[in-house]
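>>> with the sequence up front, the predicted model follows.
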Amino acid sequence: MTENTTSSALTIAKPAVLKTKKLILLRHGESIWNQQKKFTGWSDVALSAKGEREAVQAAQMLQKAGYQFDVCFTSVLQRAIATAQIVLAVMEQANRPIYQNWRLNERHYGALEDLGRLYAVTKFGVWPILGCQVQFDAIPPTINAQDMRFPGNNPNYADIDKNILPLGESMEQTVARVKPHWDNIIKPQLKNNQCTLVVAHRNSLRALMMLLDDLTPGQVMKSRLATGRPLVYELDESLRPLRHYYVDKKI
C-alpha cells in the first residue's frame, strides 16, 4: 500500500518545464566606413563586400542552429537593414516582419562623424577622442543644429521632435535613447513571441546588453560585440536573462 502511494506520488510530481524566449542580437556586418576606420554614427553608409559576407555567414550559423524568427527589429540605417534582409533571405524567412526605428541607431559621434581616427585626434586632441570611448558619460565634440550631420536636417527624421535628436551622444545618452524602445516595443513583442532578432550597431546593442544584464557603466564600456556574430539571450517568462552565448560557440 505504501509502495503504491509512493509510486503514484512520483508519477504526479513531474518537473516543471521551463519555457524560454530567445532574443538574438546581431551587430551589422562591416560597413565601408568601418573598413576605412572612420567614425560612422548616424551617417548612412552601406555594407562593404566583407560586411555582406559576414551577414551571410551569420545567417548560415543561425540556420544550422535551427532558429525560426517571429519578428525582427533594426535601426533606420541601411547597414543594419541590409544585414537583416540578407540574414532572413538566406534563412528563407524573408516574410518575417522587420520593424525599423531610429532609437536603435548607432551612437551619434557628433563632430567626429565622417572623420578618420588619426585625423580626428589631430583636429580635436587625444582626450576628446579617447575620453568618449572609455567614459560612460563623456560626450564627443558636438555639432551645431546647422550642420548637415545633425539628424534634424535629414528628411528621414522629419517626424521626430528636433529637440530630442542628438548633436553628439555619450554612451549614457545612447542608453537613455534606446531604453524606451526596449521597454515599449521590443519587450511586449518578446512576451508575445518566442524568437526575436535585433540587428543594430555596436553601441545600441551594448545599450540593450546593459539593460538586459544590469551592467554597470564600467562594465558596459568594456563590453565587446563582434560584427556578424549572433549573440543569443535565453530569457524566462519575465524576460530575465538565464544565459547568453554566441551561436558559433554552440554548433
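Ah, there it is. Numbers count the residues shown, from 1 in each chain.
>>> helix, strand, or coil at Glu169?
coil (DSSP: H, G, I helix; E, B strand; the rest coil).
>>> ok, it touching Ile139?
Yes. In this structure, Glu169 is within contact of Ile139 by C-beta atoms under 8 Å, at 6.8 Å. For glycine as for every other residue, the C-beta is placed from the backbone atoms N, C-alpha and C.
>>> helices along the stretch 101-250 of the chain, start to end?
Secondary structure of the stretch 101-250 of the chain (DSSP state H, counting those that start in this stretch): helices located at 117-124, 126-134, 171-181, 187-192, 202-213, 217-222.
>>> what residues are up against Leu115?
38-39, 123 (C-beta atoms under 8 Å, 6 or more residues apart in numbering).
>>> which one, of the helices of the stretch 101-250 of the chain, ends up nearest to Asn105?
The minimum distance between Asn105 and the helices of the stretch 101-250 of the chain falls on helix 202-213, with 6.4 Å, by C-beta to C-beta.
>>> just to revisit the earlier point, which one of the contacts of Leu115 is nearest Gln173?
Phe39 (16.0 Å).
>>> burial measure for the closest one, as a count.
By the criterion of other C-beta atoms under 10 Å, Phe39 has 23 neighbours.
>>> how about stretch 154-161: buried residues?
Judged by neighbour count using 16 or more other C-beta atoms under 10 Å, the buried positions of stretch 154-161 are Tyr157.
>>> can you tell me what sits against it?
Contacts of stretch 154-161 (C-beta under 8 Å, 6+ apart): 76, 102, 151, 165.
>>> top of these by neighbour count?
Most surrounded of the contacts of stretch 154-161: other C-beta under 10 Å gives Pro151, at 20 neighbours.
>>> do I have it right that it meets Pro166?
Yes. Assessed by C-beta under 8 Å, Pro151 is found in contact with Pro166 at 7.0 Å.
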